[in-house]
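Undergrad: heads up, no residue letters with this:
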């Protein structure tokens, strides 16, 4: 083998190794670039805290039960009301201070919830309210069972009791008369993109 042939072979081998190494490095760099991009598809916690809409699976929510969802750093109650609970709303109407929510607390009542149940047509059983007492900001507790019980009147129709100062709300989140809380629980914008999914903080008109 001549010296010139050996030199050419060594040069080509070195060049081949350099190309392989460059290709591998490029592939690794590509993977590193893709990973942060995929992660960025999820809204950051700061966006959620600032008020980004929240998607919630509700297909498992049984009639008569409630789930709590965090939105804008506040609890949101989602209640799947039974027919008896909807009847209790009608019973409570003469006892609440603002049955039509003419004086909302911190956000306007969505037009599609302007009814005694404060729910959406076609899905009236679903109550969606911000679980923050309009008196001093405590979180009310669900007291869905009607009738006499501790800290509640004998004609209690079912609803929510604030443990801080005794304010009570019916099963539509409307405050009862003569209570420390001056206004009804807020109803945020919400929509149902599918039968088993709820979006809080957004509706057909845009985000809250």
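TA: Structure received. Model, not experiment: these values are computed from the prediction. Residues are numbered from 1 along each chain as shown.

Undergrad: and residue 91, how far from residue 156?
TA: 10 Å (Cβ to Cβ, to the nearest Å). C-beta here means a position set from N, CA and C on the backbone, and glycine is covered the same way.

Undergrad: who's more crowded, those two?
TA: Set residue 91 next to residue 156 and count neighbours by other Cβ atoms under 10 Å: residue 156 wins out with 21 against 14.

Undergrad: next, the more buried one: phi, psi?
TA: The phi and psi values for residue 156, taken as degrees, to the nearest 10, are phi -60, psi 120.

Undergrad: pretty sure it sits against residue 146.
TA: Yes. Between residue 156 and residue 146 a contact is recorded at 5.8 Å, counting by Cβ atoms under 8 Å.

Undergrad: and the strands in the chain?
TA: 54-57, 66-71, 74-80, 126-130, 141-143, 159-161, 168-170, 190-194, 197-200, 202-203, 206-207 (DSSP state E).

Undergrad: columns distance to residue 86 on top of these, output as a markdown table?
TA: Shown next, in a markdown table, are the strands of the chain (distance: least, Cβ to Cβ, whole Å):
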| stretch | distance to residue 86 |
| --- | --- |
| strand 54-57 | 21 |
| strand 66-71 | 15 |
| strand 74-80 | 11 |
| strand 126-130 | 10 |
| strand 141-143 | 16 |
| strand 159-161 | 13 |
| strand 168-170 | 11 |
| strand 190-194 | 18 |
| strand 197-200 | 18 |
| strand 202-203 | 22 |
| strand 206-207 | 29 |
